[in-house]
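>>> I'd like to go over a predicted model; first the sequence, then the structure.
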Amino acid sequence: MKTDVKICGLKTAEAVERAVALGASHTGFIFFPKSPRNIEPDDAGRLAARIRGRAKIVAVTVDAGNDDLDEIVSALNPDILQLHGSESPERVLTVKAVYGLPVMKALSIREASDLDRIGPYVGIADRFLFDAKPPAGSELPGGNGVSFDWRLLDALDGGVDYMLSGGLNASNIGEALALTGARAIDTSSGVESAPGVKDLELMEAFFDAVRRADDERARAGSKT
Ligand SMILES: O=C(O)c1ccccc1N[C@@H]1O[C@H](COP(=O)(O)O)[C@@H](O)[C@H]1O
């Protein structure tokens, strides 16, 4: 099975097209002004038009109100809304009802008890995205290039559909996949040469590492 890969924080046509050519299943656009990856809705819409239908288009927002979501949804026409703030289960339900789009709810993980926060969203969020907690002083709820202890996911109910995220790069993705068995992964700063600047060689190295891990899993699976 091929691992789903989301490349997040895309801002240029070159990076969007390369990500999809390399096999990205999801492309992420960040709507959070404090982020070096922030993009205007109309610009994101123009970039997404280049790859629509070839990869899922994900709008990443942080505690956005309906006015902002209206503008983003109308300009980008995303396939998925990623809610990366402290949106409650009730807010997720409202967003789903208003926009009629699947929601991926991001939850930050540092310790075992953080998994308890999943329960209230089960049956409401369509998918989860597990990210590390931001380091002290960071203004960003995501995109910090920080990983959490992947072994914590050993305790996860096998039925929970999630994307693994947080500090993933070509050097650690093999171990992350081997430890978690994740079927979907998400990276942003791990494929950048500077904050907000996607690096095509790092992207390629990331996909190479993911495909090596996929081959390894297929080999291990065929032996059992
Ligand atoms: O990337 C950002 O700047 C960002 C800003 C606000 C919310 C979410 C953001 N990014 C998300 O965080 C994950 C993890 O990032 P990283 O790989 O550790 O850099 C990223 O994939 C986005 O989904």
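Looks like it arrived, so ask away.
>>> CA atoms for contacts and neighbours, from now on please.
OK.
>>> pull the longest helix from this structure.
helix 200-223 (DSSP state H).
>>> Which strands or helices does that one pack on?
Applying 3 or more C-alpha pairs under 8 Å, 6 or more residues apart in numbering; DSSP states H and E, we find helix 200-223 packed against helix 13-22, helix 173-180.
>>> Show me which residues of it are buried.
Within helix 200-223, the residues that count as buried by 16 or more other C-alpha atoms under 10 Å are Leu200, Leu202, Met203, Glu204, Phe206, Phe207, Ala209, Val210, Arg211, Ala213, Asp214, Arg217.
>>> List just the nearest of those residues to Phe130.
The closest of the buried residues of helix 200-223 to Phe130 turns out to be Val210 (C-alpha to C-alpha; 18.0 Å).
>>> Now the element after the one helix or strand Leu69 maps to, going C-ward?
Counting by DSSP states H and E, the element that carries Leu69 is helix 66-76. Next helix or strand after helix 66-76 toward the C-terminus (DSSP H and E): strand 80-83.
>>> For the closest residue to Ser138 other than its chain neighbours, which three-state class applies?
Nearest residue to Ser138, sequence neighbours excluded (C-alpha to C-alpha, 6 or more residues apart in numbering): Asn144, at 7.8 Å. Here Asn144 is coil, with the state taken from DSSP: H, G, I helix; E, B strand; the rest coil.
>>> Tell me how many other residues crowd Asn144.
Neighbours of Asn144 under the rule other C-alpha atoms under 10 Å: 21.
>>> Contact partners for it?
Going by C-alpha atoms under 8 Å, 6 or more residues apart in numbering, Asn144 touches Pro134, Pro135, Ser138, Gly166, Gly167, Ser189.
>>> Dump the helices and strands packed on helix 200-223 to CSV, plus mean pLDDT.
Converted to CSV, these look like this (pLDDT from 0 to 100):
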stretch, mean pLDDT
helix 13-22, 98
helix 173-180, 97
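>>> so which of those helices gets nearest the ligand?
helix 173-180 (11.1 Å; C-alpha to the nearest ligand atom).
>>> For whatever helix or strand comes next after the closest one, name the packing helices and strands.
Note on helix 173-180: by DSSP H and E, the next helix or strand toward the C-terminus is strand 184-187. Other elements packing on strand 184-187 under the criterion 3+ C-alpha pairs under 8 Å, 6+ apart are strand 4-7, strand 162-164.
>>> Select, out of these, the one closest to the ligand.
Short answer: strand 4-7, nearest of the helices and strands packed on strand 184-187 by C-alpha to the nearest ligand atom, at 6.7 Å.
>>> Pull the residues that contact that closest one.
Contacts to strand 4-7, defined as C-alpha under 8 Å, 6+ apart, come from residues 19, 23-28, 183-188.
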